[in-house]
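In: what follows is a predicted protein model with its sequence.
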Amino acid sequence: MYCLYYSPGAASFVVHWLLIELGVPHELRLVDTASKQHKSAEYLSLNPNGVVPTLVDGGKPLYETAALVMHLADRHADAGLAPAADDTRRGEYLQWMLNIANTVQSPLRLWWYPQDIDAEHAEAVKHGVGQRIEAAWDRLDAHLAANGPYLLGERMSAADFYLTMLMRWTRNMPRPALQWPHLAALAQRMKARPSFKTLYEREGLTEWA
Ligand SMILES: N[C@@H](CCC(=O)N[C@@H](CS)C(=O)NCC(=O)O)C(=O)O
């Protein structure tokens, strides 16, 4: 049985979404970030980085969203959300997972938490990372235009779920990801999945539905 420590709409979103999509038994533990529960000694003993999500699998706490996405897709291989280690497309899948983690999720975190870099120059930090995020959207959109509709062409993978969550995070940014047409088309496909609706109901989300 999995246990997911989550906060609505946070990076736990994609892990929760996959648990629903895969139809695997799981428990949810709401982390109250407003009261800094993720910085409590109890939570830090699970995730020393003090961030959401943490997924407990068989009693072992695991963290890092991209790792959790790959772990779940591999553990439940029958769903076909990750090319297997001996599949010729495995390398491409890993490439996109790591590329998205590094070129989209990391700068997006800095856009939301510019004080992690420089509290006095938060706007300058946001401007700089905003440009990097837009450049990443340019590249991803061009890839989808030439090779879509999913990151792996006709084959949907866990990476598409991850990318969709990150697109959602930009909804109130100056240039939301949906301004890129092939990213928007991918988001539309992913949002049409019944698991997305269930996720929204469970997390009490309404924006970007
Ligand atoms: N690299 C981590 C980053 C997770 C992360 O940034 N989580 C945010 C929510 S989206 C968080 O917990 N923020 C609260 C904080 O940093 O205080 C991961 O991918 O799991």
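Out: Ah, there it is. Numbers count the residues shown, from 1 in each chain.
In: work out the gap between stretch 46-63 and the centre of the chain.
Out: 16 Å (CA atoms, centre = their mean, to the nearest Å).
In: and it with the ligand, contact?
Out: Yes - applying CB under 6 Å from any ligand atom, one finds stretch 46-63 touching the ligand at 51, 52, 53, 63. For glycine as for every other residue, the C-beta is placed from the backbone atoms N, C-alpha and C.
In: would you mind listing what in the chain touches the ligand?
Out: 10, 11, 33, 38, 51, 52, 53, 63, 64, 65, 109.
In: and the residues you listed, which two are furthest apart?
Out: Greatest spatial distance among these (CB to CB): 33 and 64, at 17.6 Å.
In: distance of residue 200 relative to the ligand?
Out: For residue 200, the distance to the ligand (CB to the nearest ligand atom, to the nearest Å) stands at 17 Å.
In: verify the contact between that residue and residue 206 for me.
Out: Yes - using CB atoms under 8 Å, residue 200 is in contact with residue 206, at 7.4 Å.
In: enumerate every residue touching the residue nearest the centre of the chain.
Out: Nearest to the geometric centre of the chain sits residue 162, at 3.8 Å (CA atoms, centre = their mean). By CB atoms under 8 Å, 6 or more residues apart in numbering, the contact list for residue 162 reads 14, 65, 66, 69, 97, 100, 101.
In: please identify which of those residues is nearest to the ligand.
Out: residue 65 (3.4 Å; CB to the nearest ligand atom).
In: not counting residues beside it along the chain, what's closest to the closest one?
Out: residue 11 (4.5 Å; CB to CB, 6 or more residues apart in numbering).
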